[in-house]
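Peer 1: sharing a model that was predicted from the sequence below.
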Amino acid sequence: MKNQYNKTITACFVGYIVQAIVNNFTPLLFLFFQKCYHIPISQITLLVTFNFGIQLLVDFLSVRFGYRISMIIAHVLAAAGLFLLTVLPEILPVSFIGILIAVMIYAVGGGLLEVLVSPVVEACPSDNKEKAMSLLHSFYCWGHAGVVLISTVFFYVVGIDNWKILAIIWAVIPIGNAFVFSKVPIEDGDTGLGLKELFRMKIFWILLIMMICAGASEQAVSQWASAFAEKGLGISKAAGDLAGPMAFAVLMGISRLFYGKYGDRINL
């Protein structure tokens, strides 16, 4: 039985990689979109705002959905958004609107993954649940690093003008994982506290403020380091991507692995 649930846990690891793809692939193209579609930087900024604003809204509204169907929907929407990113800017009169619609679609998928992956792993029977959870949370970082590395190599070898091919390749991963989630065993797990009980807890508001600040810091670096390095520092895109968002993701992943291994020795 536990071997069967190991497949579920592995699928959850891939789920966080999917979230890393939808969050971090498009920012690598910010300056290209600006040049190719003549989109001002103020509108590029809106892409980040809508992406994470919608994810937060979905996080808030999705607490009552079933795990399996929500997981499948999340992956399908992530794949659909990546695919539409290659189509809508070309067929709509305003390219920015096409990009924005695609971002909003995959943001819903990313938001669902944000709230579903951890509870599914938590509900799976396992002998080393703490290690599984710490490894799980590091997988977003490794996915982020992989997206940057593979995309950088692709752009260098094939050319950034062929980015649509890579977007479709990335879209294959959530489609495949959606099929896996239709087959693997999934426990519903504990529903946790209701919203009223949660809002009455002082520690909840403290943690909420901490998460907002930490999340803002993380996204400021991961979303804008590539554009800043290329345009602000005047270095090549490949060097900027590797020294900026990829190095950031690797160090974030290492810190999560470190805490997963030695966290029991740290008195929070």
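Peer 2: Received the coordinates, thanks. Residues are numbered from 1 along each chain as shown.
Peer 1: now do the same for Pro185: helix, strand or coil?
Peer 2: Applying DSSP: H, G, I helix; E, B strand; the rest coil to Pro185 yields a three-state assignment of coil.
Peer 1: distance of Ala171 from Ser217?
Peer 2: Distance of Ala171 to Ser217, given as CB to CB, to the nearest Å: 29 Å. C-beta coordinates here come from the backbone N, C-alpha and C atoms, glycine included.
Peer 1: neighbour count: these two, which is higher?
Peer 2: Per other CB atoms under 10 Å, whichever of Ala171 and Ser217 has more neighbours is Ala171, with 24 against 10.
Peer 1: ok, that one - contacts?
Peer 2: Contacts of Ala171 were listed using CB atoms under 8 Å, 6 or more residues apart in numbering, and they are Ala78, Ala79, Ala80, Leu82, Phe83.
Peer 1: over to Gly240?
Peer 2: With contact taken as CB under 8 Å, 6+ apart, Gly240 is in contact with Ala225, Ser226, Phe228, Ala229, Glu230, Leu233.
Peer 1: so of the contacts of Ala171, which ones are in helices?
Peer 2: Among the contacts of Ala171, DSSP state H puts Ala78, Ala79, Ala80, Leu82, Phe83 in helices.
Peer 1: element containing the nearest residue to the last one once chain neighbours are set aside?
Peer 2: So that's Phe83. Sequence neighbours aside, Ala171 is the residue nearest to Phe83 in space, at 5.0 Å (criterion: CB to CB, 6 or more residues apart in numbering). Remark: Ala171 resides in helix 163-181, with elements defined by DSSP states H and E.
Peer 1: next secondary structure after that helix?
Peer 2: Counting by DSSP H and E, the next helix or strand C-terminal to helix 163-181 is helix 195-199.
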